[in-house]
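# kindly generate the corresponding structure for this input.
(chains A and B)
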Amino acid sequence: MSAAKNINISLQIWRQKNSKEKGKMETYKLNDVSTASSFLEMLDQLNEQLVNERKEPVAFDHDCREGICGMCSLYINGRAHGPDTGITTCQLHMRMFNDGDTIVIEPWRSAAFPVIKDLIVDRTSFDRIQQAGGFVSVNTSGNTIDANATPIPKEDADKAFEAAACIGCGACVATCKNGSAMLFVGAKVSQYALLPQGRVEATARVLNMVRQMDEEGFGNCTNTGACEIECPKGISLENIARMNREFLSASLK
Amino acid sequence: MKLDSKIPEGHISQKWTDYKDHLKLVAPNNRPKIDIIVVGTGLAGASAAASFAEMGYNVKAFCYQDSPRRAHSIAAQGGINAAKNYQNDGDSTFRLFYDTIKGGDYRAREANVHRLAEVSGNIIDQCVAQGVPFARDYGGLLDNRSFGGTQVQRTFYAAGQTGQQLLLGAYSSLSRQIGLGRVDMYNRHEMLELVKVDGKARGIIARNLITGEIERHSAHAVIIASGGYGNVYFLSTNAMGSNVTAGWKIHKQGALFANPCYVQIHPTCIPVHGTNQSKLTLMSESLRNSGRIWVPKKKEDAEAIRAGKLKPTQIAEEDRDYYLERRYPAFGNLVPRDVASRAAKERCDAGFGIEANDTNEGVYLDFSTEIQNKGKQTAYAKGNHNPSQEEITTLGKAWLEEKYGNLFTMYQKITDENPYETPMKIYPAVHYTMGGVWVDYNLQSTIPGCFVAGEANFSDHGANRLGASALMQGLADGYFVLPYTVSNYLADDIRTGKISTDLPEFVEAEKSVKDSINKFLSNNGTKSVDHFHKRLGNIMWNKVGMGRNEQGLKEAIEEIAALKEEFFKDVYVPGNADELNPELEKALRVADFIELGQLMAIDGLQRKESCGGHFREEYQDAEGETLRDDENFKFVGAWEYKGYDIKNEELHKEELKYEFIKIAARNYK
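Residues are numbered from 1 along each chain as shown, chains lettered A, B, ... in the order given. Here you go, the predicted structure:
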């Protein structure tokens, strides 16, 4: 492990009061940042400095800070979740940066994710896509068959799990030049398509979810693959292919 | 006030069944006349909201996150218990019940815990039916593993993301109901007050966190499922936004707060790295199935490691102290969490800690033995009976990656060390709170119509939580308990009609919320909210932490009282009320944490015994094990709010009766 040290950095951060007003980049200097700190801890440090100067702190989304809730969402030096792969912003550490660096921080940039304030965007479009069909229609009574009554091949279960690992952070949309949500929706469609429990309503599911995705204003997929590269959970492009197959066969029914 | 737990009569195995048979019902055609509010959308809240909507009630659900899918249940890693006995290792409802009561150090209610064990199997069936992708074996059947404090394999899991998959299952059910228009979902909203009308819970005051608007919402019943209060310590494994506000507000309105001193310190977290740290990260307890915990036997080796002169891999096998295996041969590395945590503290306090920071706190979790064992096993399974050392290591690492890959990656990202090559460094951290709002068997608080579920209530874990049991409780409460007990309560409300939000009680509650917000924003203070939160955390960790004593607790009570005065006088909250204002959100939450922190110390002081997560240094045996006092402290300590000065809170005791389990000393040797 490289020993932690302190660095001085310069930050360019998108400030926007609310969804109606125009935003602009602001520059801040921040000294004595430990390279063992996480990126969000660095922002905490900046905000502490701003509060002490009686200035308004920078608003950003975050919660679990262990890479699983999907709430953090920064575009750092032109990359979703910053200059490392397979991680969320909360898992990015300052050891990735050097003394004297200038770091540019922006919110997710996509028409379907409007800015609420500073670095916080509205991702409820993802919820609405899920509400359109991302579920199995089973009553919550517990009066179902025994869990082992339907064996599922390990390979299918593993694939379904890999698709289900999506945390809904929106990095795929933010990084896509078309603002497409197909990696997210593909993952959801795949999870249920791969499991026997979800097959019964597979046709309606894929049609409804894709319709909702289009209504939300997400762009189309042109197979650039940037989403897969920036996905913190390594969700595979295979899921988009599977969704397309599901969609095609559903459309032909 | 007399506490009535409403535990039904009859044999333990029949109580819940008989009770359900006699609860009142609300007919399907009457359910649309009734409104229910659910605060919090983690496992307990989302499953409850989905279930009530499914039944036909009108549901309003609230969460402070941008989506219900982000509730902190999502971060649970290891698994969920169920007495399915799929592995034929002798598991049963009784055994799960017994292990949980014992793990709770005989400070949980028998009837509640038995009910939990009874419905555990249904939870798995329900989740699989919802498409939760649990791990499976090659025959296509569900796989299991074991967890701390048990000797059977009853834990169902989805790699190290079980909480995520279960929450997404509950979220998908909730989403289905939102899509159907049966649940109104209020994202980015925070409940700031409970509204009582004629003594009954009839609504809440919530703040829209985006616009700052203060909203009134009425209902015939209010369910609080807002999680735990671990963030009292500032540093914990809880999500940054996890707070006690909903629970504390209802406490101030008359709901008793039970056993606040019971806090679980989880043994396997990544140690603190420095003063700017905001958060601690848990490494799943499931790793203890494969990892061996040790510190150097010789102090000079520990010193050399801390100084960076020795690597752990350079310490010979005979110079390692596998202290859990040494002290607790029957359970070894799988002893319950409180036992493992204290054992780590004991070694570090004695000077054997290995972390190179000012605390020197840290022990090793080593996977090298497992790499060898599993590597050999896999080679043999592939027909290679003479594998080279290199082949064994490669196969062993691949086995670990399949089982725990995401956890290893997470560890590496945070610490910059590769746990396949060098042992993980771990140390205990605040994780789960067993105390919470007092509820009866119906999960109803002492306020009629106000129910509390999941980690927010106190009921099922006793003094200590075993692994893989919190997910179980959240879903049991939401899917299988509240639908019955809340319906029973609501059966009297089918003629009540809509509750008006113009009632004077709503006007008054809204005014008090607005007043407290304005007070913060107009306060001419000088210090940030975090400044106070960190100071509170320091007091709590040092004096109400892993080990407590009378003097420390008394000091903590006074120090927190002084901190409270200073906080209200000197906190500076920037921004305005009518906009997204994270500093204001934090200020409102920290005000509640400070008061609760004081109550935690008060509760710890009165409990003159050691049990589970509550370790009073004065009460231990010669070997440093906990000394419980069943004669004097076999009760739930439930506190009644008595105004601004927390020291005036009044203690009520609910005696715990053990009719079906014989109380014994908890021994894991």
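
# the helices in the stretch 51-200 of chain A, which residues?
A:124-131, A:154-164, A:171-175, A:182-193, A:196-199 (DSSP state H, counting those that start in this stretch).

# just want the angle from the longest one to helix A:124-131.
By that I understand helix A:182-193. 20 degrees (axes from the mean of the first three to the mean of the last three C-alpha atoms, to 10 degrees).

# mean pLDDT per helix and strand in chain A: which one sits at the bottom?
The helix or strand of chain A with the poorest confidence is helix A:196-199; it has a mean of 93 (mean pLDDT, DSSP states H and E).

# would you point out which residue of the stretch 151-253 of chain A is nearest chain B?
A:P151 (3.0 Å; C-beta to the nearest C-beta). Bear in mind the C-beta positions are built from the backbone N, C-alpha and C, glycine included.

# now do that residue: how many residues are near it, please.
By the measure other C-beta atoms under 10 Å in any protein chain shown, the count of residues near A:P151 is 14.

# from B:P133, how far out is the closest residue to it other than its chain neighbours?
Among residues not flanking A:P151 along the chain, B:G140 sits closest, at 3.0 Å (C-beta to C-beta, 6 or more residues apart in numbering or on different chains). According to C-beta to C-beta, to the nearest Å, B:G140 and B:P133 sit 13 Å apart.

# same thing with B:A82?
16 Å.

# ok, now A:R199?
14 Å.

# which one's more surrounded, these two?
Neighbour totals were compared for A:R199 and B:P133, and B:P133 leads with 29 against 13 (other C-beta under 10 Å).

# what's the burial count for B:H614?
Counted with other C-beta under 10 Å, B:H614 comes out at 29.

# tell me, what residue is most central in chain B?
Nearest to the mean C-alpha position of chain B, counting by C-alpha atoms, centre = their mean, stands B:Y432 at 3.3 Å.

# is the strand or helix carrying it anywhere near chain A?
If you go by DSSP states H and E, B:Y432 is part of strand B:424-433. No - using C-beta under 8 Å from any C-beta of the partner chain, strand B:424-433 stays clear of chain A, with a minimum separation of 9.6 Å.

# and that strand, what does it pack against?
Other helices and strands packing on strand B:424-433, by 3 or more C-beta pairs under 8 Å, 6 or more residues apart in numbering or on different chains; DSSP states H and E, are strand B:263-269, helix B:337-347, strand B:363-366.

# my understanding was that B:F480 contacts B:A117; is that so?
No - the pair B:F480 / B:A117 is not scored as a contact, 12.0 Å apart, by C-beta atoms under 8 Å.

# settle it for me: which of those two has more neighbours?
Per other C-beta under 10 Å, whichever of B:F480 and B:A117 has more neighbours is B:A117, with 28 against 24.

# for B:L466, see how far away the more buried one is.
Shown here: B:A117 relative to B:L466, a distance of 12 Å by C-beta to C-beta.

# kindly report the same for B:P312.
Distance from B:P312 to B:L466, by C-beta to C-beta: 29 Å.

# who has more neighbours, those two?
Using other C-beta under 10 Å as the criterion, B:P312 and B:L466 rank with B:L466 on top: 26 against 19.

# leaving out sequence neighbours, find the closest residue to that one.
B:G103 (3.8 Å).

# possible to save the helices of the stretch 51-200 of chain A as TSV with distance to A:M94?
As requested, those are arranged in TSV below (distance: least, C-beta to C-beta, whole Å):
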stretch	distance to A:M94
helix A:124-131	29
helix A:154-164	30
helix A:171-175	20
helix A:182-193	28
helix A:196-199	42
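
# could the ones you listed go into a markdown table alongside distance to chain B?
Below are those laid out as a markdown table (distance: least, C-beta to the nearest C-beta, whole Å):
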| stretch | distance to chain B |
| --- | --- |
| helix A:124-131 | 4 |
| helix A:154-164 | 4 |
| helix A:171-175 | 14 |
| helix A:182-193 | 5 |
| helix A:196-199 | 5 |
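
# what about the longest helix seen in chain B and chain A, touching?
Ordering each helix of chain B by length in residues (DSSP state H) puts helix B:389-415 first. Yes - Helix B:389-415 is in contact with chain A by C-beta under 8 Å from any C-beta, via B:406, B:409-410, B:413-415.

# so B:A591 versus A:A3, what's the distance?
According to C-beta to C-beta, B:A591 and A:A3 sit 39 Å apart.

# neighbour-wise, which of the two wins?
The residue with more neighbours, out of B:A591 and A:A3, is B:A591; 21 against 9, by other C-beta under 10 Å.

# returning to that earlier point: residues contacting the residue of the stretch 151-253 of chain A closest to chain B?
B:136, B:139-141 (C-beta atoms under 8 Å, 6 or more residues apart in numbering or on different chains).

# sort out for me which of these are in helices.
Among the contacts of A:P151, no member lies in helices (by DSSP H).

# widest-spaced pair of those residues?
B:R136 and B:G139 (8.0 Å; C-beta to C-beta).

# got the residues of the stretch 201-350 of chain B near chain A?
B:210, B:237, B:239-241, B:273-274, B:276-279, B:281-282.
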